[in-house]
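**Q** I would like to see how this sequence folds:
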Amino acid sequence: MEDAGVGWIAAIIIGGIAGWLAEQFMKSNMGMLMNILLGIVGAAIASALLSVFGIVLGGWIGYLIAGFIGACLLIWIVRMLRGERAAI
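**A** Sure, this is the predicted structure:
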């Protein structure tokens with residue numbers, strides 16, 4: 001997070017926004033805490049995956065994009081594990 005130029009408080013806020021956007025896009029029903037967790041964890045996972053392909057997203061916009069992608073990916077994985085149908 002610090003490498004992206006985003007502090008911890010900003011990461012929580014941006015993670016919450018990314019998680020909320022993913023929740024709306026994936027049509028899932030989760031609370032604010034889960035949105036924040038999905039956004040932050042999703043950003044870390046997506047940033048790691050993107051860096052494998054040589055793509056580096058920096059700053060708060062990059063963190064938001066990575067958080068959204070990662071949170072959508074995590075929601076999809078949870079749905080697959082639970083056996084739920086995709087709402088996309």
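
**Q** Please make it C-alpha for all contacts and neighbour counts, starting now.
**A** Noted.

**Q** right, and residue 45 touches residue 70 too?
**A** Yes - in this structure, residue 45 is within contact of residue 70 by CA atoms under 8 Å, at 6.0 Å.

**Q** Settle it for me: which of the two has more neighbours?
**A** When neighbours are counted by other CA atoms under 10 Å, residue 45 and residue 70 differ, and residue 70 comes out ahead with 27 against 19.

**Q** buried set for whichever helix or strand the more buried one is part of?
**A** Using DSSP states H and E, the element containing residue 70 is helix 59-82. Within helix 59-82, the residues scored as buried using 16 or more other CA atoms under 10 Å are 60, 62-76.

**Q** so which of the residues you listed would you say is closest to residue 50?
**A** Of all those, residue 66 has the smallest distance to residue 50: 8.5 Å, by CA to CA.

**Q** where's that closest one relative to residue 24, distance?
**A** 16 Å (CA to CA, to the nearest Å).

**Q** what does residue 14 give?
**A** Residue 14 sits 15 Å away from residue 24, going by CA to CA.

**Q** Comparing the two, which shows the higher neighbour count?
**A** The neighbour count for residue 14 versus residue 24, taken as other CA under 10 Å, is higher for residue 14 (24 against 13).

**Q** ok, the more buried one - contacts?
**A** By CA atoms under 8 Å, 6 or more residues apart in numbering, residue 14 lies in contact with 39, 40, 60, 63, 64.

**Q** From the residues you listed, pick the one nearest residue 51.
**A** The closest of the contacts of residue 14, once distances to residue 51 are taken by CA to CA, is residue 63, at 12.9 Å.

**Q** Just name the shakiest helix or strand of the protein by mean pLDDT.
**A** Lowest on mean pLDDT, DSSP states H and E among the helices and strands of the chain sits helix 32-52, with a mean of 84.

**Q** buried sites along that one?
**A** 35-48.

**Q** Now do it against helix 59-82, angle only.
**A** Interaxial angle of helix 32-52 relative to helix 59-82 (axes from the mean of the first three to the mean of the last three CA atoms, to 10 degrees): 100 degrees.

**Q** hmm, who's touching helix 32-52?
**A** So helix 32-52 is in contact with 1, 11-20, 23, 56-57, 63-74, going by CA under 8 Å, 6+ apart.
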